[in-house]
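> Quick one: sequence and predicted model below, then my questions.
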Amino acid sequence: MAEVERGWFRRRFAGLDLPKRYQTEADPDADFSGAAAGPAVVEEPQAAWREEIAFAERFTRDHGLGFAAATPR
């Protein structure tokens, strides 16, 4: 979900040119590779999701609902 929020709010709405958080050309499934249940595996993605939510909240607080999102590439 961190990547979903990053895609919508940072890339699409804010127009930032950022790489994907987990996926690469060499490993397009890196967001799922090595996934396993356990606190050590969950901590980083959970922190990343909180970071992206915080950005989304700041962005929506600072912009009216009438702003135009960047068009997809």
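That came through, no problem.

> ok, Y22 - contacts?
E3, A30, D31 (CB atoms under 8 Å, 6 or more residues apart in numbering). (Glycine included, C-beta is placed from N, CA and C.)

> distance between the host helix or strand of the first one and the chain's centre?
Right, E3. Under the criterion of DSSP states H and E, E3 resides in helix 2-5. Taking CA atoms, centre = their mean, to the nearest Å, one finds helix 2-5 lying 3 Å from the centre of the chain it belongs to.

> Reformat the contacts of Y22 as a markdown table; add distance to T24, pLDDT and neighbour count.
Below are those laid out as a markdown table (distance: CB to CB, whole Å; pLDDT from 0 to 100; neighbours: other CB atoms under 10 Å):
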| residue | distance to T24 | pLDDT | neighbour count |
| --- | --- | --- | --- |
| E3 | 12 | 92 | 16 |
| A30 | 6 | 80 | 14 |
| D31 | 10 | 78 | 15 |
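
> so can I have JSON lines of those showing distance to P19?
Below are those laid out as JSON lines (distance: CB to CB, whole Å):
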{"residue": "E3", "distance to P19": "11"}
{"residue": "A30", "distance to P19": "12"}
{"residue": "D31", "distance to P19": "13"}
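
> quick one: which of the residues you listed is nearest T60?
Distance to T60 across those (CB to CB) is lowest for E3, with 18.6 Å.

> how about the nearest residue in space to the closest one that is not next to it in sequence, secondary structure?
Counting by CB to CB, 6 or more residues apart in numbering, the nearest residue to E3 once its immediate chain neighbours are dropped is R21, at 5.1 Å. Using DSSP: H, G, I helix; E, B strand; the rest coil, the structure places R21 in coil.

> Enumerate every residue touching R21.
R21 makes contact with A2, E3, R6, D31, A48 under the criterion CB under 8 Å, 6+ apart.

> Looking at the contacts of Y22, spot the one nearest V42.
D31 (13.4 Å).

> Provide the secondary structure category for that closest one.
D31 - assigned by three-state DSSP - is coil.

> any idea how far I53 is from the closest residue to it other than its chain neighbours?
Excluding the flanking residues, the one nearest D31 by CB to CB, 6+ apart is Y22, at 4.0 Å. For Y22, the distance to I53 (CB to CB, to the nearest Å) stands at 17 Å.
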